[in-house]
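Peer 1: Sharing a model that was predicted from the sequence below.
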Amino acid sequence: MQPKFKRWRLIGLLLSIAIPGLIACGEVAQQATLTTGEPAVPYIEPAFGEKLASGQALFGQYCANCHGQSGEGMGPFPALNDGMHAYSHPDWELISLIRDGKNSMPAFGSQLSEDEIITIIARVKAWWGPGKLSEQRQLCLISPGPTPTLMR
Ligand code: HEC
């Protein structure tokens with residue numbers, strides 16, 4: 001798992017440098033999405049309403065101990081809200097991080113269903129402002145990931 005994450009982290013870093021230049025391409029991709037009505041890749045939309053409430057309940061139960069009730073982070077545990085860089089991961093990477101864990105981030109694959117993981121990610125995205133959301137959406141378009149079937 002490690003080398004794979006390192007590789008994607010490097011790719012992520014390169015992308016974050018390349019993204020300003022790619023935004024034009026991304027906009028073309030998004031336009032294509034808008035005209036066909038079909039997303040180019042599966043993409044988790046930020047939660048609102050009931051989904052936001054159930055996402056927050058799950059987040060409070062499984063994640064808040066380390067990441068804080070508002071995703072503000074604590075000590076060594078990174079913030080997941082708008083202020084930090086959780087948005088620099090495409091959706092597939094967020095899913096596999098939560099499912100499989102990483103370093104001292106525990107794996108939740110045996111406790112949370114895929115739907116629950118997606119609901120939590122949708123909740124986390126609701127903390128992100130429009131700029132970060134669209135940046136992360138570009139990442140999802142550029143990097144649909146090795147396991148696209150995990151997403152819907
Ligand atoms: C025991 C503490 C702990 C719990 C509980 C925990 N995490 Fe984490 N989380 C971490 C640590 C530590 C990291 C940093 C991992 C690394 O990169 O080394 C992390 C990283 C992350 C990241 C990547 C952040 C970034 O900026 O790259 C996300 C997203 C995340 N956690 C989401 C979650 C979600 C969602 C849950 C609940 C299902 C959760 N975490 C539960 C400790 C925790």
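Peer 2: Now that the structure is in, tell me what you want to look at.
Peer 1: from here on, contacts and neighbour counts on C-alpha atoms
Peer 2: Will do.
Peer 1: Quick check: buried residues in stretch 128-148?
Peer 2: 128, 132-145 (16 or more other C-alpha atoms under 10 Å).
Peer 1: Check those residues and tell me the two furthest apart.
Peer 2: Trp128 and Gly145 (21.5 Å; C-alpha to C-alpha).
Peer 1: doesn't Leu80 make contact with Ala86?
Peer 2: Yes: counting by C-alpha atoms under 8 Å, Ala86 does reach Leu80; the two are 5.3 Å apart.
Peer 1: all strands of this structure, in order?
Peer 2: Taking DSSP state E as the criterion, the chain carries no strands.
Peer 1: Any residues of it in contact with the ligand? List them.
Peer 2: Within the chain, the positions near the ligand by C-alpha under 6 Å from any ligand atom are 59, 62-63, 65-66, 77-78, 80, 85-86, 94, 98, 102-106, 120.
Peer 1: Can you turn the buried part of those into a ChimeraX selection?
Peer 2: Buried subset of the residues of the chain next to the ligand, written as a ChimeraX selection, criterion 16+ other C-alpha under 10 Å:
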select :59,63,66,78,80,86,94,98,120
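Peer 1: So Asp91 versus Gln138, what's the distance?
Peer 2: 11 Å (C-alpha to C-alpha, to the nearest Å).
Peer 1: remind me which residues of this protein are low pLDDT?
Peer 2: The chain contains residues with pLDDT under 70 at 1-41, 147-152.
Peer 1: any chance you could map the helices in it?
Peer 2: 2-36, 49-62, 64-67, 91-100, 114-125, 130-142 (DSSP state H).
Peer 1: Which elements pack onto the last one?
Peer 2: Looking back up the chat, that one is helix 130-142. helix 2-36 (3 or more C-alpha pairs under 8 Å, 6 or more residues apart in numbering; DSSP states H and E).
Peer 1: Quick one: residues contacting Gly109.
Peer 2: By C-alpha atoms under 8 Å, 6 or more residues apart in numbering, Gly109 lies in contact with 98-100.
Peer 1: Repeat the analysis, applying 7 Å as the threshold.
Peer 2: 99-100 (C-alpha atoms under 7 Å, 6 or more residues apart in numbering).
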